[in-house]
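**Student:** Prediction below, plus the sequence it came from.
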Amino acid sequence: MDTKWKNRKKAVSFILFFAGATLTLGSVVNMWRNKPGGTRIPQMFEQDYQKSREFRSYMATRLDNFLIMASGGSGLRDFYYDNGYTYDGTAAYAEDTLETQGEVSVEWENEAEAVEEYAGGSYREYGNWNDAASSWLSGGDALTEEERKELARRYHDRIKGDKNLLYTVSYDGEVLYSNADLKPGGEDSLPEGYNFFLEFDGEKVRIVKDGKELDVYGDGYYRDDSQWYVPGYKNFQGDDRVKKAVVCMAAASNPAMYTKGDYGTSGSWQPDNELYWMQCNFLGSRALLIKNAVFLAVGLVLLVLAFFTRQTRREAEKELAVFQSKIWVEFKVLFFIILLGILVNILAYCSRNYGIWQEFREITMESWDYAYVSERALALGNVIMGEVPAWFVILLFWGVFFFWNDLHYNRKITKYGLIYKLCRTYSAKDFTLPLSLKIARRNRGVFLTAILYSLFLIGMVMIGRALEYRNAWGMVFLLLFLGTLCFLVLLYFFGKKNMETARDLDTLSRCVGEIRDGNYMDMGEEFAGHDLENVMGQLEDIRHGMARAVEEQMKSQRMKVELIANVSHDIKTPLTSIISYVEFLKQEEDLPAHVKDYVRILDEKSQRLKNMVMDVFAVSKAASGELPVNMEELDFGKLLRQTMADMEEEIDKSPVTFRTEIPGEPVKIMADGQRLYRVFQNLFQNAIKYSLQGSRVYVSLRLEDNTAVCSVKNTSQMEIKKDKDFTERFVRGDESRTDGGSGLGLSIAQSFTEACGGEFSWEVDADLFVVKVSFQKI
Amino acid sequence: MGECVLIVDDDREIVKAIGILLEGEGYQVLKAYDGLAALDILAEKEVSLAIIDVMMPKLDGLSALMRIREKKNIPVIVLSAKSEDSDKILGLSMGADDYVAKPFNPQELAARVKSQLRRYTSLGDIHARNRDGEIKNGRLLYKTEEMTLYADGEPVKLTATETKIVDLFMRNPGRVFPAEEIYRRVWGEEAFSSENTVMVHIRRIREKMELNPKEPEYLKVVWGIGYKMEKQEKSS
């Protein structure tokens, strides 16, 4: 399969899962949070605001107030207690919906705050009245008849402009307060746009909505979960005075906003318009819920798709884990710490309003009644859940998910982290030498000191801030000074030790360098008590060992040369006899022919033996570096010409021709002429001996930069074996040859050239044998 | 003839060989196989020349040489397996008249013996002053007026060109002449490749006057520079 496509598939599968889970989680949390208290899920999609609990509560409260106003009671419920909280959460959600168009709500951390702000805006106009009312209300029953009337009147003045709620309050047949002409049983003659009619006839309440009468009382008993808080239940009856009161109320099906322009008295103002806002909030809340429901649906679909692509997603998770393994574990921990911090912050915030901690304590303390406790715990859980924003839950979910992913695929997640890295860097586990251990310990010490000092500084700053108002700067400064001093002193000691080691290292490397350069003398460095004491001691041992080895080698070299010299001396004495007697034999004239032939062979071989002995001696001398050279300024070209002139007869007799290319002008070099003559004599002899018959030997002298290079080229008679080193002693081009050569010719040439300070090299190109001798031109 | 030559070597075969050689040349031969025996013989008999090996039992050659030099002025040829220059110099400086390294060419040794004896006997006046028109260098004598070269007192037959070359060298002992200069001065013209021509003549001269032409004592090559006549200090 195509890799690109495979990768894309992996990405898609993971995005499916990611989007699905995020949407599902976010919408569920939002729906949970936005659900007005006590509402069941199906009710949340109700379009009619009049079916909301708020509406029922509103109507019941108004009825209550109207009944009080009608019967002249003093318990007039006002906005101060009821209406402010009638809005409960809805106001906030409405605001949300209107302002952020249903994005996941993060703007309001606490809905109570929103309500407060809301109240501070729209209800500000009640402020004065509330102030006045509260002073009267605080008087309670102490209010006079007049004052009660005045309160009722002002209340009426305030609410009558809100035509969303029409009402007629009459007592004993007389209309007391009214903003519309409503009569009992007048549900059919409601003005246009009103669809909700409520009447109280002194005994019971009757409600007609959209022409249908609602069942208000159920089985006739008021319970906790009864919908309408109105008198008329068997266990909730009005008093005698209220029996004369008749209240009719009508609510608009689609409330509008009313504003009054009392320019003559105060200015424009809005009556409470409570139903309008209620509907707004209700619709907004509903829109939000629907949107979340859509998200939930989409999320679930995506999750289903993700379920089917879980195989590829697993691969994506693996790759994700690879990426995760590159993140320091500290960051991961930090993420959860931040999440925890946010959670604590949120809980602390809602605790301020709800007393969560107290509630929690009470729940845990009063554990004797399981049902009660669980109920309260559930309620508390609801509250807490309601406080936690969706983004937090999503973050938490993904945090846990990625953490799990990390744990699942990356065996040791602690392996890649700052602390682990630090531990590794400063770990001395693999060290065995006391030196390394010491240095490691010192480095750790420096690091720890630095950490402690920075902590100390931070602490000082914090203390300084805490003591800001107590005039304790002097003490802080003193502490700072002492701490810094301690720090510097510690650093100084660590640094001093390190510098000592650095200095020792310097000495040590110098010693190593000297040993490399061949100085085996005692350097007399003292390292007692230092880090490098052991190392230096070992180096001393090495040096002594090397000095001894070199001395022994020199001795054995000397002995070798002496041995060769002695052996050649010992050979020379009998050789002298042989040569002498062969000479006598040669002079005998009356020897038979075959004996003369034997004598000739004896003569040849003894001469060869003589040459060999001389060569062996020369080469061993040269190899041991004991060859005395007499360096003088000479003309390289002339030396070559002289050598060839000297060997003229030999060259003329040989089957090869010499071709020379030697510049006429002097090529001055520093060398020992005698030795160099021997070098070229050997080279030319070799060329003559091993060249192909009738071939040419090329001798050329050239200047390359500042170097005079003489090359001798000849074509070999025999095939040249490639891996043969001709300058090795006793190596000959033709191993089967038994002529006069000692096999030392090239070896001597090389040794002598090098003894004179020149360079000797040779190379083979097929049958061409090239020797190069080069000297620095002066 | 009949000069008496003492041969000292611990190797009896070598002594015998040299004996045969020198007897063939007509010399009387005495033999000794160690230093002390040699000194005894020298004390008893009239010996004209001694050939002494360096490495010997009882008394080594160089010590024996020193003892001989205490009393006698005869020519002494030192034989040695040591062929290094330093060995030769040591031997010569201790009073030897010649130094022959083993293994030697018997003919050369015979020639050297002859040369030393001739100078000791017939040309005995070692301290003779140089006369006008005579240039003396070791065993060579060149009479400038006759333009004749004598080796060990015997005239050397030279061609005209060779005589010119010998004349140049004998008049300037120790001086190094590049081949070009020799050519210019002898042939009287500028030379192109003079090296071979000059070398050929020098080789011929050597064959006529040197005891061992392959290891010349007088007419030497200074490699890379030229040619020169070696000044033999010991004979002056």
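**Tutor:** Cool, the structure landed. Predicted model only: the values in this text are computed from it and were never measured.
**Student:** only C-alpha atoms for contact and neighbour calcs from this point on.
**Tutor:** Noted.
**Student:** Show me which helix runs longest in chain A.
**Tutor:** When chain A is scanned for its longest helix (criterion: DSSP state H), the result is helix A:533-587.
**Student:** So which elements touch it?
**Tutor:** When contacts are defined as 3 or more C-alpha pairs under 8 Å, 6 or more residues apart in numbering or on different chains; DSSP states H and E, helix A:533-587 sits against helix A:473-516, helix A:593-623, helix B:12-24, helix B:106-121.
**Student:** who's in contact with A:C248?
**Tutor:** By C-alpha atoms under 8 Å, 6 or more residues apart in numbering or on different chains, A:C248 lies in contact with A:Y167, A:T168, A:V169, A:L182, A:K183, A:P184, A:F197, A:L198, A:E199, A:F200.
**Student:** which residues touch A:Y453?
**Tutor:** Here A:Y453 is in contact with A:G483, A:T484, A:F487 (criterion: C-alpha under 8 Å, 6+ apart).
**Student:** Find the nearest non-adjacent residue to the residue in the stretch 451-600 of chain A that chain B sits nearest to, please.
**Tutor:** Ranking the residues of the stretch 451-600 of chain A by distance to chain B (C-alpha to the nearest C-alpha) places A:T576 first, at 4.3 Å. Leaving aside its sequence neighbours, A:T576 sits nearest to B:P103 (C-alpha to C-alpha, 6 or more residues apart in numbering or on different chains; 4.3 Å).
**Student:** ok, the one you found to A:R600 distance?
**Tutor:** 18 Å (C-alpha to C-alpha, to the nearest Å).
**Student:** out of these two, which sits in the busier spot?
**Tutor:** B:P103 (28 against 16; other C-alpha atoms under 10 Å in any protein chain shown).
**Student:** I'd guess that one is in a strand, am I close?
**Tutor:** No. Membership of B:P103 in a strand is not supported by DSSP: H, G, I helix; E, B strand; the rest coil, which gives coil.
**Student:** Now do the contacts for whichever residue of the stretch 501-650 of chain A sits closest to chain B.
**Tutor:** Among all residues of the stretch 501-650 of chain A, A:L639 sits closest to chain B, at 3.6 Å; criterion: C-alpha to the nearest C-alpha. By C-alpha under 8 Å, 6+ apart, the contact list for A:L639 reads A:G673, A:Y677, B:W223, B:G224, B:I225.
**Student:** Which of those residues fall in helices?
**Tutor:** Applying DSSP H to the contacts of A:L639, the entries found in helices are A:G673, A:Y677.
**Student:** What about A:F402, how many residues nearby?
**Tutor:** 17.
**Student:** what's the distance between it and A:R310?
**Tutor:** 16 Å.
**Student:** got it, and A:V613?
**Tutor:** 92 Å.
**Student:** Who are the contact partners of the residue in chain B that chain A sits nearest to?
**Tutor:** Closest contact between chain B and chain A, by C-alpha to the nearest C-alpha, is at B:G224 (3.6 Å). By C-alpha under 8 Å, 6+ apart, the contact set of B:G224 is A:L634, A:D635, A:F636, A:G637, A:K638, A:L639, A:L640, A:Q642, A:G673.
**Student:** circling back: would you confirm that the residue nearest to A:T576 contacts B:A81?
**Tutor:** Yes. The pair B:P103 and B:A81 qualifies as a contact (C-alpha atoms under 8 Å) at a distance of 6.9 Å.
**Student:** Can you give the domain ranges for chain B?
**Tutor:** Listed domain ranges for chain B are B:4-121, B:128-229 (source: automatic domain parsing).
**Student:** Centroid-nearest residue for chain B?
**Tutor:** The centroid of chain B falls nearest to B:R112 when counting by C-alpha atoms, centre = their mean (5.7 Å).
**Student:** Leaving out sequence neighbours, find the closest residue to it.
**Tutor:** B:L211 (6.9 Å).
**Student:** quick one: the helices in chain B?
**Tutor:** In chain B, the helices defined using DSSP H lie at B:12-24, B:35-44, B:61-71, B:85-93, B:106-121, B:160-171, B:179-187, B:194-209.
**Student:** which helices and strands sit right next to the second one?
**Tutor:** When you say that, I think you mean helix B:35-44. Counting by 3+ C-alpha pairs under 8 Å, 6+ apart, helix B:35-44 packs on strand B:4-8, strand B:28-32, helix B:61-71.
**Student:** and the second one, how far from the chain's centre?
**Tutor:** Here strand B:28-32 is found 22 Å from its chain centre; the criterion is C-alpha atoms, centre = their mean, to the nearest Å.
**Student:** Would you mind writing the CA trace of it as CSV?
**Tutor:** Extracted in CSV, the C-alpha atoms of strand B:28-32 (Å, rounded to 0.1, in the frame of the first residue of the first chain):
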residue,chain,number,x,y,z
GLN,B,28,114.1,-14.8,2.7
VAL,B,29,111.1,-15.5,5.0
LEU,B,30,110.9,-15.8,8.8
LYS,B,31,107.7,-16.9,10.4
ALA,B,32,106.1,-16.2,13.8
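**Student:** just checking, what packs against it?
**Tutor:** strand B:4-8, helix B:12-24, helix B:35-44.
**Student:** mind checking which of those is nearest B:L168?
**Tutor:** Comparison of the helices and strands packed on strand B:28-32 against B:L168 by C-alpha to C-alpha identifies helix B:12-24 as nearest, at 35.8 Å.
**Student:** what angle separates the closest one from helix B:106-121?
**Tutor:** 60 degrees (axes from the mean of the first three to the mean of the last three C-alpha atoms, to 10 degrees).
**Student:** And the contacts of helix B:12-24?
**Tutor:** A:576-577, A:580-581, A:584, B:7-9, B:28-29, B:31, B:33, B:106, B:110.
**Student:** A:P191: helix or strand, and which one exactly?
**Tutor:** For A:P191, there is no host helix or strand (DSSP states H and E).
**Student:** that older thread, could you pull out the buried residues of the strand or helix carrying the residue of the stretch 501-650 of chain A closest to chain B?
**Tutor:** For A:L639, the element it lies in under DSSP H and E is helix A:636-646. Along helix A:636-646, these residues count as buried under the neighbour rule (16 or more other C-alpha atoms under 10 Å in any protein chain shown): A:F636, A:G637, A:K638, A:L639, A:L640, A:R641, A:Q642, A:T643, A:M644, A:A645, A:D646.
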